[in-house]
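Trainee: Make a model of this:
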Amino acid sequence: MSQDPTADPPTDPSTDPSLTTDAAPAASAETSPAANQEKDVEDWVTGDEPMTGPQRSYLETLAREAGEDVPDDLTKAQASQLIDRLQSKTGRGQSTN
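Mentor: Numbering: from 1, shown residues only. Alright, predicted model coming up:
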């Protein structure tokens, strides 16, 4: 039994998106990770927790460039606000578009 060489090859559903029926729902603004970045720091659930290690490290870099000091007892929300201010002051984190 031989195959017809002119026939179309069988379609693989894993590589042909038109054959899939259970497409994943698109991420909404409410569930996407970027949504958390857009929320006001006053609305953060964990905003009153101590700043994270990465926040402290980045703040120390920014503060050194800006000639400022970083308080030891900042919350996550305060650290985020200070990062924004120091980024503006130093020109870091600015989009080049």
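
Trainee: As a check, name the ranges of all helices in this protein.
Mentor: Assigned by DSSP state H, the helices in the chain fall at 33-38, 53-66, 76-90.

Trainee: Against residue 60, how distant is residue 53?
Mentor: According to CB to CB, to the nearest Å, residue 53 stands 11 Å off from residue 60. Quick note: C-beta positions are derived from backbone N, CA and C, even for glycine.

Trainee: higher neighbour count, those two?
Mentor: With neighbours defined as other CB atoms under 10 Å, residue 53 and residue 60 compare such that residue 60 has more, 12 against 8.

Trainee: Tell me how many other residues crowd the closest residue to residue 65 other than its chain neighbours.
Mentor: Distance criterion CB to CB, 6 or more residues apart in numbering; nearest residue to residue 65, sequence neighbours excluded, is residue 90 at 4.7 Å. Counted with other CB under 10 Å, the neighbours of residue 90 add up to 17.

Trainee: quick one: contacts for the nearest residue to residue 92 once chain neighbours are set aside?
Mentor: Nearest residue to residue 92 in three dimensions, chain neighbours excluded: residue 62, at 6.4 Å (CB to CB, 6+ apart). For residue 62, the contacting residues are 83, 86, 87, 89, 90, 92, by CB atoms under 8 Å, 6 or more residues apart in numbering.

Trainee: okay, now residue 79: neighbour count?
Mentor: By the criterion of other CB under 10 Å, residue 79 has 22 neighbours.

Trainee: Quick check: it vs residue 40, distance?
Mentor: 15 Å.

Trainee: try residue 85
Mentor: Counting by CB to CB, the gap from residue 85 to residue 40 is 15 Å.

Trainee: and if you look at residue 68?
Mentor: Distance from residue 68 to residue 40, by CB to CB: 24 Å.

Trainee: Check what pLDDT residue 3 gets.
Mentor: What the model reports as pLDDT for residue 3 is 58.

Trainee: oh, I was asking about residue 92
Mentor: Looking at residue 92, its pLDDT reads 88.

Trainee: shaky segments in this structure?
Mentor: Within the chain, the ranges that satisfy pLDDT under 70 run 1-38, 95-97.
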